[in-house]
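1. Fold the following, please.
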Amino acid sequence: MPELYLKSCSPDDPFVSSKPAIEIAFRPRSRRAFMTGVLIAQSGLLLGSVLLTDTWVQANVKMPQSQVDKLFVLELSIALSVVILTAVVFYLASRRYKDALEQNNQQLQEEVKRQVSGGLAKRNALIHGLAKLADYRDTDTGEHLDRIGYYARVIAKHIQPAHPIITNEWIDRLVLASSLHDIGKVGIPDAVLLKPGRLTDEERTVMEKHTLIGGETLLSIRSKFGADEFIDMGIEIALQHHEKWNGSGYPFGIRDEKISLAARIVAIADVYDALTSERVYKDAMSHEKASSIISEGNGSHFDPEIVEAFVAESEAFDQIRAGANSDKPHQLQCMDIESAAREFLDEHYNRRAA
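-> Sure thing, here's the model as predicted:
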């Protein structure tokens, strides 16, 4: 008996075709097209069978014509019933599949939403914590960023009806992005940043570079991860929160509405908090005195619309300054860091031991 030798063929063999041995010419684009094709084919087969049967009966069976006609109608009715029954089964199966698919899609969307929300919450907490770390170099408590966020929210809520761009999501983004306004101060030497007296012209030039340092830092993040609404707003605020309405600010000297709305809001919040907070080089100013200075900057330093909102919400600003909103959910509360650290380490040690 002759032996059969099998040769394994490589896909790279020039004599081996990359096409399948049998190609399916008909590939329906959807379930509906497939079901429609099946119904058409079934109808054609049944109708052909009825016609062939009728022709055979008339040629081979001696029956009155009236009975032949009745038999033909019966066969046609049965064929039609089969087609209708098949269509009903296809329809019910399609509805069930569609309902299951919609339910699965809804569950998938909810899971994606939950995952994205959790990821954003972690990102936001991390960013806020890092921004506070930078803020500790310039303040004693690190609560400056929390107050800036409160002030910004109050102003944004007040002017929201006049600005379609200000949605609730936009405000939430503003509150978090406002914490990045002075992140560039990590690049300013302590001799300048913490100087107890008035800065010289050279030192002020160094201090003003914090806007560019912050902008450069966030732009580098953007270049790595792509455009993002939150990062874009953070860049605008970091670069422009010291610009002035009349164009006399820094670093670019832009004016009016060329300054982003977010930066114009944060500018007035930042100035108010700086005036009413104690620093190594000055005492805290009263709410009334700070409000007077901001009103004097109406149309020169600040956007008149933002000043109007500040005046209207003056009482809310004073309450925030006094700590009336210290129970806000996004504020990082003070803690006994040593006890918290020990509890954290014990928890992880016990988890590893288990």
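2. Give the other helices and strands that whatever helix or strand A79 lives in contacts.
-> Per DSSP states H and E, A79 falls inside helix 65-135. Helix 65-135 is packed against helix 31-60, helix 144-159, helix 168-177, with contacts defined by 3 or more C-beta pairs under 8 Å, 6 or more residues apart in numbering; DSSP states H and E. For glycine as for every other residue, the C-beta is placed from the backbone atoms N, C-alpha and C.
3. and those helices, which one is worst for confidence?
-> In terms of average pLDDT, helix 31-60 trails the rest of the helices and strands packed on helix 65-135, at a mean of 75.
4. Quick one: distance of that one to the chain centre.
-> Remark: helix 31-60 is offset 55 Å from the chain centroid, using C-alpha atoms, centre = their mean, to the nearest Å.
5. Check which helices and strands it sits against.
-> Using 3+ C-beta pairs under 8 Å, 6+ apart, helix 31-60 sits against helix 65-135.
6. what does the average pLDDT come to for the helix it packs on?
-> 75.
7. got the angle between it and helix 31-60?
-> On the basis of axes from the mean of the first three to the mean of the last three C-alpha atoms, to 10 degrees, helix 65-135 is oriented at 170 degrees to helix 31-60.
8. all numbers from here: first residue = 58
-> Okay, using 58 as the starting number, the last item reads as helix 122-192.
9. Pull the distance from helix 122-192 to the chain's centre.
-> Using C-alpha atoms, centre = their mean, the offset of helix 122-192 from its chain centre is 26 Å.
10. Next, the angle from that helix to helix 201-216.
-> 130 degrees.
11. So which of the helices and strands packed on helix 122-192 is nearest N161?
-> helix 88-117 (15.5 Å; C-beta to C-beta).
12. Please save the CA atoms from stretch 152-171 in PDB.
-> Provided in PDB are the C-alpha atoms of stretch 152-171 (Å, rounded to 0.1, in the frame of the first residue of the first chain):
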ATOM      1  CA  ARG A 152     -37.000  41.600  20.100                       C
ATOM      2  CA  ARG A 153     -35.600  39.300  22.800                       C
ATOM      3  CA  TYR A 154     -32.000  39.800  21.400                       C
ATOM      4  CA  LYS A 155     -32.500  43.500  21.200                       C
ATOM      5  CA  ASP A 156     -33.800  43.700  24.800                       C
ATOM      6  CA  ALA A 157     -30.900  41.600  26.000                       C
ATOM      7  CA  LEU A 158     -28.400  43.700  24.000                       C
ATOM      8  CA  GLU A 159     -29.900  47.000  25.300                       C
ATOM      9  CA  GLN A 160     -29.700  45.700  28.900                       C
ATOM     10  CA  ASN A 161     -26.100  44.600  28.400                       C
ATOM     11  CA  ASN A 162     -25.300  48.000  26.900                       C
ATOM     12  CA  GLN A 163     -26.900  49.800  29.800                       C
ATOM     13  CA  GLN A 164     -25.000  47.700  32.300                       C
ATOM     14  CA  LEU A 165     -21.800  48.300  30.400                       C
ATOM     15  CA  GLN A 166     -22.400  52.100  30.200                       C
ATOM     16  CA  GLU A 167     -23.100  52.200  34.000                       C
ATOM     17  CA  GLU A 168     -19.900  50.200  34.700                       C
ATOM     18  CA  VAL A 169     -17.800  52.500  32.400                       C
ATOM     19  CA  LYS A 170     -19.400  55.500  34.100                       C
ATOM     20  CA  ARG A 171     -18.600  54.100  37.500                       C
END
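13. what comes up buried for that stretch?
-> Of the residues in stretch 152-171, none is buried under the neighbour-count criterion (16 or more other C-beta atoms under 10 Å).
14. In terms of helices and strands, where is the spatially most distant residue from the centre of the chain?
-> Distance from the centre of the chain peaks at K119, with 79.7 Å (C-alpha atoms, centre = their mean). Element membership for K119 (DSSP H and E) is empty, with no helix or strand holding it.
15. where's it relative to A191, distance?
-> 105 Å (C-beta to C-beta, to the nearest Å).
16. could I get stretch 210-218 in PDB with only the CA atoms?
-> This file holds the C-alpha atoms of stretch 210-218, laid out as PDB (Å, rounded to 0.1, in the frame of the first residue of the first chain):
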ATOM      1  CA  ARG A 210     -17.800  78.600  43.000                       C
ATOM      2  CA  VAL A 211     -19.800  81.500  44.500                       C
ATOM      3  CA  ILE A 212     -18.900  83.900  41.700                       C
ATOM      4  CA  ALA A 213     -19.500  81.300  39.000                       C
ATOM      5  CA  LYS A 214     -22.900  80.400  40.400                       C
ATOM      6  CA  HIS A 215     -23.800  84.100  40.500                       C
ATOM      7  CA  ILE A 216     -22.900  84.800  36.800                       C
ATOM      8  CA  GLN A 217     -24.000  81.400  35.500                       C
ATOM      9  CA  PRO A 218     -27.300  82.600  34.000                       C
END
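17. now what about that stretch, what contacts it?
-> 223, 227-228, 231-232, 322, 325-326, 362-363, 366-367, 369-370, 373-374, 377 (C-beta atoms under 8 Å, 6 or more residues apart in numbering).
18. if you set the cut-off to 10 Å instead, what comes out?
-> Stretch 210-218 is touched from outside by 220, 223-225, 227-232, 235, 318-319, 321-323, 325-326, 360, 362-367, 369-370, 373-374, 376-377, 382, 385, with contacts defined as C-beta atoms under 10 Å, 6 or more residues apart in numbering.
19. Check the residues you listed for burial and list the buried ones.
-> 223, 227-232, 235, 318-319, 321-323, 325-326, 360, 362-367, 370, 373-374, 377, 382.
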